[in-house]
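Test case, fold it:
(one chain, ligands or ions: 2)
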Amino acid sequence: MKEITRKIESGARITAEEALRLWREAPLWLLGQLADGVRRRKNGDALYWNRNFHIEPTNVCAFACRFCSYRRSAGDSEAWDLSIDQMEEIARRYIGSGVTEVHIVGGVHPAHDLWFYTELIRRIKALLPEAAIKAYTAVELAYMIRKAGLSIEDGLVELQKAGMQAIPGGGAEIFDPELRERICPEKGTAEEWLAVHRAAHRLGIPTNATILYGHAETLEQRVDHLMRLRELQDESAGTSAGGGFNAFIPLKYRARGNSMGAAGEVSVVEDMKMLAMSRIVLDNIPHIKAYWVMYGKSVAEMALAFGADDLDGTIDDSTRIFSMAGAEETAPRLTVGEIERMAEAAGLKAVERNTFYERQEPQRTI
Ligand code: V47
Ligand code: SF4
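Numbering: from 1, shown residues only. Ligands and ions are numbered 1, 2, ... in the order given. Purely as a prediction, here's the structure:
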């Protein structure tokens with residue numbers, strides 16, 4: 001254990017076996033200390049946040065992941081399927097608000113195609129030219145691009161031409177083939193998810209990555225997931241295009257309203273260990289995001305002592321994927337004042353960033 005600790009403190013990379021041993025044997029305080037050290041080496045005393053909002057085009061989905069509380073079949077009274085005009089109306093509300101990012105993610109709608117999604121990006125970008133468009137999970141992308149009969153690369157180029165500038169991290173779930181097959185059989189393999197991100201990185205498009213944890217997975221499967229992300233990031237760093245993973249976001253499985261809920265949810269101690277181990281293992285991914293909408297504000301605040309340096313966005317986080325699964329924040333909103341107080345309590349400094357982690361000039365607060 002001493003040797004593993006020394007390795008991490010000196011900035012050396014640990015192996016899968018060492019990660020597993022640390023996860024099983026190290027006390028929480030030690031994981032916190034090690035992760036905080038890595039975090040400070042990489043990000044100093046910055047606590048990053050951004051001004052963003054979400055558009056969720058539809059919760060109608062061709063797939064039926066067992067952990068999902070959000071999808072509905074077409075025609076269901078709780079289903080929504082917004083037109084491009086309706087989504088433009090949502091975006092119009094943010095003109096002049098200072099948002100730097102629009103995050104667009106939804107269900108895999110069987111009737112929408114690549115050209116619907118490129119048009120959506122074009123119209124939103126025309127309304128908010130200063131905001132970066134971070135759009136569509138690798139799962140949505142693979143589906144729409146395959147349907148258009150294009151290669152992944154050519155499909156991404158079409159989206160890039162329309163104004164897509166980054167790709168969010170959803171759809172990764174858990175890479176282990178057997179468990180993936182059990183909990184989200186239609187979603188495509190880990191290799192497919194990784195291939196979309198690899199192609200994006202080669203085109204210079206930055207992306208995020210996630211893991212869905214706290215359901216049926218073992219520690220070995222979590223470590224395997226992290227290792228595969230670390231490998232792809234190594235590969236992407238070798239390309240000259242400038243793409244790669246910006247941030248890793250551990251997503252805690254929330255149990256309400258879906259068919260995997262019987263086992264309940266993992267403890268906050270597990271959450272902190274997941275965050276800390278992510279920070280320690282993913283030595284080549286710059287940021288670890290504690291997505292406050294999903295954790296709730298107090299757990300997100302604690303996450304700042306366990307390796308997280310990013311809280312995601314402030315304004316009207318209107319995503320419903322977590323509130324429908326039981327997350328505390330049902331009308332999520334975090335003000336700049338609250339972020340500054342959280343940063344101060346953790347001995348950090350709040351830094352507004354854009355999608356590319358460039359520091360923003362201070363502007364009016366919200
Ligand atoms: O892939 C679905 C997860 C993800 C549940 O890139 C659930 O900046 C917990 O990836 N309990 C989509 N999680 C959301 C996502 C995301 C969110 C915020 C920021 C970014 C980013 C990405 O939500 C899905 C799935 O893993 N999810 N159901 C559930 N019951
Ligand atoms: Fe569809 Fe996404 Fe829900 Fe899976 S998690 S059923 S792909 S909306």
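
Stretch 121-141 spans what distance, first to last residue?
13 Å (C-alpha to C-alpha, to the nearest Å).

which parts of that stretch are buried?
Within stretch 121-141, the residues scored as buried using 16 or more other C-beta atoms under 10 Å are 121, 123-125, 127-128, 131-141. Quick note: C-beta positions are derived from backbone N, CA and C, even for glycine.

Distance from it to the middle of the chain?
16 Å (C-alpha atoms, centre = their mean, to the nearest Å).

quick one on the thing from earlier: could you list which of the buried residues of stretch 121-141 also contact ligand 2?
Near ligand 2, judged by C-beta under 6 Å from any ligand atom, the entries from these are Val139.

now the helices: where do they sit in the stretch 251-366 of the chain?
Secondary structure of the stretch 251-366 of the chain by DSSP state H, counting those that start in this stretch: the helices cover 268-281, 292-295, 297-303, 336-345.

Quick one: closest of these to Lys2.
helix 268-281 (15.4 Å; C-beta to C-beta).

Check whether that closest one comes near ligand 1.
No - Helix 268-281 lies out of reach of ligand 1 by C-beta under 6 Å from any ligand atom, never closer than 11.9 Å.

same for that helix, what does it pack against?
Counting by 3 or more C-beta pairs under 8 Å, 6 or more residues apart in numbering; DSSP states H and E, the packing neighbours recorded for helix 268-281 are helix 16-25, helix 28-43, strand 206-213, helix 219-237, strand 244-252, strand 287-288, helix 297-303.

For the residue of the chain found nearest ligand 1, list the residues it contacts.
Nearest residue of the chain to ligand 1: Gly170, at 2.7 Å (C-beta to the nearest ligand atom). Neighbouring residues of Gly170 by C-beta atoms under 8 Å, 6 or more residues apart in numbering: Val105, Thr137, Ala138, Val139, Thr210.

what about it, which helix or strand?
For Gly170, there is no host helix or strand (DSSP states H and E).

which residue packs closest to it, ignoring adjacent ones?
Thr137 (3.7 Å; C-beta to C-beta, 6 or more residues apart in numbering).

ok, then the element right after the host helix or strand of Gln160?
Element membership for Gln160 (DSSP H and E) is helix 152-162. Moving toward the C-terminus from helix 152-162, the next helix or strand (DSSP H and E) is strand 164-166.

Please name every helix or strand in contact with that following strand.
Against strand 164-166 (3+ C-beta pairs under 8 Å, 6+ apart) you get strand 132-135, strand 206-213.

Distance check, Ile285 against Ala247.
Distance, Ile285 to Ala247, by C-beta to C-beta, to the nearest Å: 7 Å.

Show me whatever sits in contact with both of those two.
Joint contacts of Ile285 and Ala247 (C-beta under 8 Å, 6+ apart) are Ala209.

comparing the helices of the stretch 251-366 of the chain, which gets the lowest mean pLDDT score?
In terms of average pLDDT, helix 292-295 trails the rest of the helices of the stretch 251-366 of the chain, at a mean of 89.

Gly11 against Lys42, yeah?
No - taking contacts as C-beta atoms under 8 Å, Gly11 lies outside contact range of Lys42: 9.8 Å.

So those two - more neighbours on which side?
More crowded of Gly11 and Lys42, by other C-beta atoms under 10 Å: Lys42, with 17 against 11.

so what's the more buried one up against?
The contact partners of Lys42, taken as C-beta under 8 Å, 6+ apart, are Pro286, Asp309.

how close does the nearest residue to Leu31 once chain neighbours are set aside get to Leu150?
Nearest residue to Leu31, sequence neighbours excluded (C-beta to C-beta, 6+ apart): Ala276, at 3.9 Å. The gap separating Ala276 from Leu150 is 40 Å, by C-beta to C-beta.

can you list the residues of the stretch 151-300 of the chain near ligand 2?
Cys184.

Could you list the low-pLDDT ranges of the stretch 151-300 of the chain?
Filtered on pLDDT under 70, the stretch 151-300 of the chain yields the residue ranges 240, 242.

Try it again at 90.
Residue ranges of the stretch 151-300 of the chain with pLDDT under 90: 237-243, 259, 261-263, 293-294, 296.

Any chance of JSON lines for the helices and strands packed on strand 164-166, columns distance to Val99?
Putting the helices and strands packed on strand 164-166 into JSON lines (distance: least, C-beta to C-beta, whole Å) gives the following:
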{"stretch": "strand 132-135", "distance to Val99": "10"}
{"stretch": "strand 206-213", "distance to Val99": "18"}
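
out of these, which comes closest to Asp36?
Closest among the helices and strands packed on strand 164-166, using C-beta to C-beta: strand 206-213, at 20.4 Å.

what about Ala276 and Leu150, which has more around it?
Counted by other C-beta under 10 Å, Ala276 and Leu150 do not tie: Ala276 has more neighbours, with 29 against 15.
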